[in-house]
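Q: no sequence on this one, just coordinates:
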């Protein structure tokens, strides 16, 4: 599979995120292209991570297929052959989009990320440990780092173009979107996470937390969009060895973060762009983490051939 840090397709590119490039196909469809770019600590690395874009796209596609009876979604196809058949202008670019592109229905995106936390970790744990709150709202005392939350906490966040998203209260979300839309997005978030958590547990993965995005289609219906329960949008922990009261190992870019932490503590990186060049072994280890997450979740290997 071709390594990709940026895409150049014969369509109008309307957005470029840290990982994805978004193209307009027509008034009703978009093409999402997941590159192999990787970021850590809000800095995009110069080196791509092999197969990362394919993992993100194909994990999302796998989940969309699992969720057909739970929620409507925007995916039309993540198969390169079907995409080329639907968008002939991409015929000469099949190798570039193989495995990493998704043809989607276009929606008006709600400007709130629907975060749901089944376990207390990350920024939520840091705020709780400091103040006993999440987004300024009190949580029960005595909770542990990485402890399970029953029921899971719906914790919306503002969407940031750069830097970290900001946790907000459900009350603030109601002010932005209205009571009815907020209630519906929370309902859908809990449904999708509940299904995903149960499916992943059977595969030996704890989905500690995740974030969803939703949009309203031209028909008026609310659709689940973007990526779904990938190693980038979620915390994936192995069931084996799980123990609350401490951080957990994860199926994501932790090898990259660990190496950058060493560089920072040694005074060789100040935490700002540009990041130091990644050693080949760090790139390889990070790629293996993403591929292992796909294998564990789906029960299949995602090789260059199978992504094609």
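A: Ah, there it is. Model, not experiment: these values are computed from the prediction. Numbering: from 1, shown residues only.

Q: quick one: end-to-end length of stretch 263-278, please.
A: Distance across stretch 263-278, first residue to last, is 11 Å (C-alpha to C-alpha, to the nearest Å).

Q: same question for stretch 31-47.
A: OK, stretch 31-47 end separation, C-alpha to C-alpha: 24 Å.

Q: check stretch 238-257 too.
A: Span of stretch 238-257 from end to end, C-alpha to C-alpha: 18 Å.

Q: not counting it itself, show me its contacts.
A: 38, 40-41, 45, 49, 121, 144-148, 201, 204-206, 208, 231-232, 235-237, 278, 282, 285-286, 289-290, 292-293, 296 (C-beta atoms under 8 Å, 6 or more residues apart in numbering). For glycine as for every other residue, the C-beta is placed from the backbone atoms N, C-alpha and C.

Q: that one: how far from the chain's middle?
A: The chain centre lies 17 Å from the centre of stretch 238-257; the measure is C-alpha atoms, centre = their mean, to the nearest Å.

Q: and that stretch, what's buried?
A: For stretch 238-257, burial by neighbour count (16 or more other C-beta atoms under 10 Å) applies to 238, 248, 250, 251, 252, 253, 254, 255, 256.

Q: among the contacts of stretch 238-257, name the buried ones.
A: Judged by 16+ other C-beta under 10 Å, buried ones among those: 38, 40, 45, 49, 121, 145-146, 205-206, 208, 231-232, 235-237, 278, 282, 285-286, 289-290, 292-293, 296.

Q: strands - which of these land there?
A: Counting by DSSP state E, the part of these found in strands is 40, 205, 206, 208, 235, 236, 237.

Q: could these go into TSV alongside distance to residue 114?
A: Converted to TSV, those look like this (distance: C-beta to C-beta, whole Å):
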residue	distance to residue 114
40	24
205	20
206	19
208	16
235	16
236	18
237	21
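
Q: from those, which one has the minimum pLDDT?
A: Within those, residue 40 has the lowest pLDDT, namely 90.

Q: now the strands for the stretch 151-300 of the chain?
A: 157-158, 166-167, 205-216, 222-225, 234-238 (DSSP state E, counting those that start in this stretch).

Q: so which of those strands is nearest residue 67?
A: Closest to residue 67 of those is strand 222-225 (C-beta to C-beta; 6.9 Å).

Q: what mean pLDDT does that closest one have?
A: 98.

Q: then stretch 4-15?
A: On average, stretch 4-15 scores 96.

Q: buried residues in that stretch, which are they?
A: Neighbour count says stretch 4-15 has 4, 7, 9, 11 buried, by 16+ other C-beta under 10 Å.

Q: got those residues as JSON lines, with distance to residue 140 and secondary structure columns?
A: Shown next, in JSON lines, are the buried residues of stretch 4-15 (distance: C-beta to C-beta, whole Å; DSSP: H, G, I helix; E, B strand; the rest coil):
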{"residue": "4", "distance to residue 140": "45", "secondary structure": "coil"}
{"residue": "7", "distance to residue 140": "46", "secondary structure": "coil"}
{"residue": "9", "distance to residue 140": "50", "secondary structure": "coil"}
{"residue": "11", "distance to residue 140": "50", "secondary structure": "coil"}
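
Q: distance to residue 114 added to the residues you listed, as JSON lines?
A: What follows is these, written out as JSON lines (distance: C-beta to C-beta, whole Å):
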{"residue": "4", "distance to residue 114": "29"}
{"residue": "7", "distance to residue 114": "27"}
{"residue": "9", "distance to residue 114": "29"}
{"residue": "11", "distance to residue 114": "29"}
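
Q: what's the closest of the residues you listed to residue 104?
A: residue 11 (13.0 Å).

Q: pretty sure residue 275 is touching residue 39, no?
A: No. Counting by C-beta atoms under 8 Å, residue 275 stays clear of residue 39, with 9.1 Å between them.

Q: so what touches the helix or strand harbouring residue 33?
A: Taking DSSP states H and E as the criterion, residue 33 maps to strand 29-34. For strand 29-34, the surrounding residues in contact (C-beta under 8 Å, 6+ apart) are 4, 7, 9, 11, 14, 19-25, 52-54, 56-57, 76, 83, 87, 90, 97, 100-106, 226-227.

Q: strand partners (parallel or antiparallel) of it?
A: Strand 29-34 sits in its sheet next to strand 20-26 (antiparallel), strand 101-105 (antiparallel), going by DSSP bridges.

Q: so which of those strands is the most packed in?
A: For the strands paired with strand 29-34, the largest average neighbour count (mean count of other C-beta atoms under 10 Å) is found in strand 101-105, namely a mean of 25.

Q: helices and strands around the helix or strand following it, which ones?
A: Next helix or strand after strand 101-105 toward the C-terminus (DSSP H and E): strand 108-109. Other helices and strands packing on strand 108-109, by 3 or more C-beta pairs under 8 Å, 6 or more residues apart in numbering; DSSP states H and E, are strand 205-216.
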